[in-house]
Every structure is written in structure tokens, then in C-alpha cells.
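> below is the sequence, then the predicted model.
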Amino acid sequence: MTQAAVASPNVATDPNLDPRVREFLIQIDKDPSPFWQLPQPKPQQILTALQNQTPVDVSGATITERMITQGGTYVSPLRASLDQLK
């Protein structure tokens, strides 16, 4: 069985992306190296720096925090109610 290779869409011109997401992805795509394979905490630092460069108005969002336990590991995600954002 043969599968055709399909090129991923160009994030700079993909009409399905929110403009705020597009700007974030354009910055990530500038360096094609797999930053997620760098030693810790470098990947988090890279993403945090990019997030800080991509301002988002969250003034209408409701943010809640909930502790989740999975297999003895605790995870504390933040969730924003994005339906209130414009």
C-alpha cells in the first residue's frame, strides 16, 4: 500500500488559523530545529519567551485551577473560558 506525502500548510497563509495563533507559529517556524529535544528547561524557556511576545487580551476570561491526580502524579492545569474572549 502506498501513501502520498502531503505537505503541511504554510502557517503564514493558512486561513484556518486564528491570527494570534498564526503569529505564534510563525515565530516557532523561523528555526526548524527540534527545540523540544533540547535539554530541560530550554524548551519551556523558548515557549515562554514566544508566549510573552504574543500578547492576548484575557480580560473577559474566567480562569480556574483544578488539581488532577493520575497514577500518583499531580498536575495543576490552568483553564481559561475562551468563549468569553473576542
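Cool, the structure landed.

> C-alpha only now, for contacts and for neighbours.
OK.

> what's around the closest residue to T69 other than its chain neighbours, how many residues?
In space, and not counting its chain neighbours, T69 is closest to V75: 6.3 Å by Cα to Cα, 6 or more residues apart in numbering. Residues within reach of V75, counting by other Cα atoms under 10 Å, total 11.

> do the same with P43
Neighbours around P43, by other Cα under 10 Å: 15.

> send the alpha carbons of the helix or strand hosting it over as CSV?
In this structure, P43 sits in helix 42-53 according to DSSP states H and E. Output in CSV follows, covering the C-alpha atoms of helix 42-53 (Å, rounded to 0.1, in the frame of the first residue of the first chain):
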residue,chain,number,x,y,z
LYS,A,42,15.3,25.1,27.4
PRO,A,43,12.1,24.0,25.6
GLN,A,44,10.0,25.7,28.3
GLN,A,45,12.1,28.8,28.1
ILE,A,46,11.7,29.1,24.4
LEU,A,47,7.9,28.7,24.5
THR,A,48,7.6,31.1,27.4
ALA,A,49,9.6,33.7,25.5
LEU,A,50,7.4,33.3,22.5
GLN,A,51,4.2,33.5,24.6
ASN,A,52,5.5,36.7,26.1
GLN,A,53,5.9,38.2,22.6
